[in-house]
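>>> After the sequence you'll find the predicted model.
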Amino acid sequence: MRLFRRKHARRGSAVVETAVVAPLVVAAMMGTMDVGYAFMVKQTVTLAAREGARIATMPGGTMDDVHAAVDASMEAANLERAEVISDPNDPDYGQLACGYTTTSNIDVLGPTDPEVWVDVEIPLRCVSITGMFSASDVMIDGRTLMRREGVDSES
């Protein structure tokens, strides 16, 4: 009879230990997934900035060409460009919706300016799988600087 009681006591403590540890293990796994996905998005953003800058270095490249190249790269990760919220009933009216933005100096370059840069950024809260970073103001960004083709910096 005494042996029977000890087995049940061990089973009961195992259930309690599992109930205490399981949420911690699940939270750690979800956090790992979220951070891993953020690193993947960082790589995608860096690649998109590089593709945009590559197009911008070409003679006659425009901001529309840069947007097209960045959009094509970001579509691979199902990330969309941030659009201005146009619904006047939305409390965030006039603000940018969740998504990425692309900026460049291509529109202000003179004919002899040798370098062009493209910057792509997206808020971390927009790519959080679990919502752990929903209140974060951290930006994931990629910036690429390249020398323009056909422009001699010595001129």
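Nice, thanks for sending it over. Numbering: from 1, shown residues only.

>>> where in this structure is pLDDT low?
1-11, 86, 92-95, 153-155 (pLDDT under 70).

>>> Grab the nearest non-local neighbour of the residue nearest the centre of it.
The chain has residue 41 as the residue nearest its centroid, 4.2 Å off, counting by CA atoms, centre = their mean. Of all residues not flanking residue 41 in the chain, residue 127 sits nearest, at 4.7 Å (CB to CB, 6 or more residues apart in numbering). Quick note: C-beta positions are derived from backbone N, CA and C, even for glycine.

>>> and what of residue 126?
Nearest to residue 126 is residue 98, by CB to CB, 6+ apart, at 4.0 Å.

>>> Quick check: the one you found is in a helix.
No. Counting by DSSP: H, G, I helix; E, B strand; the rest coil, residue 98 is not part of a helix but coil.

>>> For it, give me phi and psi.
phi -60, psi 130 (degrees, to the nearest 10).

>>> Could you do residue 147 as well?
Dihedral angles (degrees, to the nearest 10) for residue 147: phi -80, psi 130.
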